[in-house]
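In: Provided below are the primary sequence and the corresponding predicted coordinates.
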Amino acid sequence: MRGDEALNPLFRREWSSVYEALQDCRPDRDQLMQLYIQQMSEVERPVLAIDRTAWLRPHARTLKERTYEHQPTALPHGIPVGIGQGYSTIALIPSMSGSWALPLRHERITSWDNPIGKGAEQWAASM
């Protein structure tokens, strides 16, 4: 399905109805992971990557569990730390050429977690 085929005129601003359907149905994460693992077993040598990403929200005072997040900046005197939330993602990197990745798990790093611990927890839950 191409992206423009998934657009539904009932959604404001032409947001894709595929994302809305996924959000509404809330698929079982463990079943999805098992499906991913079955498909990865067909790949000769799957490459998985774990990434930590900061989502800075300095003005969202009512957002629960904001933490100090490192966010590098290209500005000469930019402060590399901000207030927001951190996220940990495990993704399958295909061996064929291209620049895309398939996110397998994307979860928030809470104030009592750390990025490496969260990645290890996600990895253990994947297997």
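Out: Alright, I've got the coordinates.
In: count the neighbours of residue 88 for me.
Out: Using other Cβ atoms under 10 Å, residue 88 has 24 other residues around it. All C-beta atoms are positioned from the backbone trio N, CA, C, and that covers glycine.
In: so it: helix, strand or coil?
Out: Following DSSP: H, G, I helix; E, B strand; the rest coil, residue 88 is assigned to strand.
In: contacting residues for it?
Out: Remark: with contacts taken as Cβ atoms under 8 Å, 6 or more residues apart in numbering, residue 88 is in contact with 50-53, 105-109, 115, 118-119, 122.
In: who's it bridged to?
Out: Note on residue 88: beta-bridge partners residue 52, residue 107, judged by DSSP bridges.
In: how about the helices in this structure?
Out: Assigned by DSSP state H, the helices in the chain fall at 17-25, 29-40, 115-126.
In: quick one: which of the ones you listed has the weakest pLDDT on average?
Out: When the helices of the chain are ranked by mean pLDDT, helix 17-25 comes last with a mean of 71.
In: output the below-cut-off pLDDT ranges for the chain.
Out: Judged against pLDDT under 70, the low-scoring parts of the chain cover residues 1-19, 22, 43, 75, 95-97, 126-127.
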